[in-house]
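Novice: just coords:
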């Protein structure tokens, strides 16, 4: 797109568009569509929708593996404000403000002029105009990148080498808790412009249902049953792990169970608990990042196996 076209952009009332989509689909319809991808998150989804409808940006905060990114993507896709329905950025500490805003290519400008389609390469803050911007792990952005994001949220403009480009969007971010490695605290001004929605581990009953559903989805193309006792052992392991003060990623649990069942199927036999335990150790030992990780995992597994 030419820079002149971007500079001529009209404002977009994104909260109104979101409200119209929710009205058209019905709240029940949105939650039903969401339930086809995630289980047990209706209240969290309603918190997100209610904030977006009144022009409030959202950051989902919670430990690794509880479904923050999946929920953000699902909400953005269900609302589907454009094509594609949302713009997504995987944030990291080395991301610069230019990575978010885009920049003018001086070499192209000198050769073909400022209004050449390749003279300005838009960044995600510009591309998200009229849509939803999903920022995965927003608190990995360094303070300089946070400042560029804040300007877009605050002024509804992105400034590139003195040119002000209109950009109206709704943001759904995800963030790991502050005690995780490699995260920055969001600036006070940025934090003031978002609603923080907590996502914690689900209850035991919900966890069993979520695991059963996710593992069945992962194994659908193989066509094998997921034994209840396997789900039960994994759920108890997760509970024991959390009691020991260690995170229990639902994603890691899902792949542990699915991996054990798939391997047993490939070998032509039923799933063995020894294989499940091996998969759990493989998926969790590096994730815990503790010197006593193996010991904690073994204790949690032993306690789960003994009921």
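Specialist: Yep, that arrived. Since the structure is predicted, the reported quantities are computational estimates derived from the model, not experimental observations.
Novice: so residue 152 sits against residue 160, correct?
Specialist: No - assessed by Cβ atoms under 8 Å, residue 152 is found out of contact with residue 160, at 11.2 Å. To be clear about C-beta, it is placed using only N, CA and C from the backbone, and glycine gets the same treatment.
Novice: and those two? Which one has more around it.
Specialist: Using other Cβ atoms under 10 Å, the more surrounded residue of residue 152 and residue 160 is residue 152, with 25 against 22.
Novice: okay, the spatially closest residue to the more buried one that is not a sequence neighbour and residue 67: tell me how far apart.
Specialist: Sequence neighbours aside, residue 125 is the residue nearest to residue 152 in space, at 4.7 Å (criterion: Cβ to Cβ, 6 or more residues apart in numbering). For residue 125, the distance to residue 67 (Cβ to Cβ, to the nearest Å) stands at 26 Å.
Novice: try residue 153
Specialist: Distance of residue 153 to residue 67, computed by Cβ to Cβ: 25 Å.
Novice: kindly report the same for residue 145.
Specialist: Distance from residue 145 to residue 67, by Cβ to Cβ: 25 Å.
Novice: which stretches of this protein have low pLDDT?
Specialist: 289-291, 307 (pLDDT under 70).
Novice: outline the domain layout of it.
Specialist: For the chain, automatic domain parsing gives the domain ranges 3-198, 204-305.
Novice: from the centroid of the chain, which residue is nearest?
Specialist: Ranked by distance to the mean C-alpha position of the chain (Cα atoms, centre = their mean), the top residue is residue 69 at 1.3 Å.
Novice: that one sits in which helix or strand?
Specialist: According to DSSP states H and E, residue 69 maps onto helix 68-79.
Novice: may I see the buried residues of stretch 209-225?
Specialist: Buried residues in stretch 209-225, counted by 16 or more other Cβ atoms under 10 Å: 209, 210, 211, 212, 213, 214, 215, 218, 219, 224.
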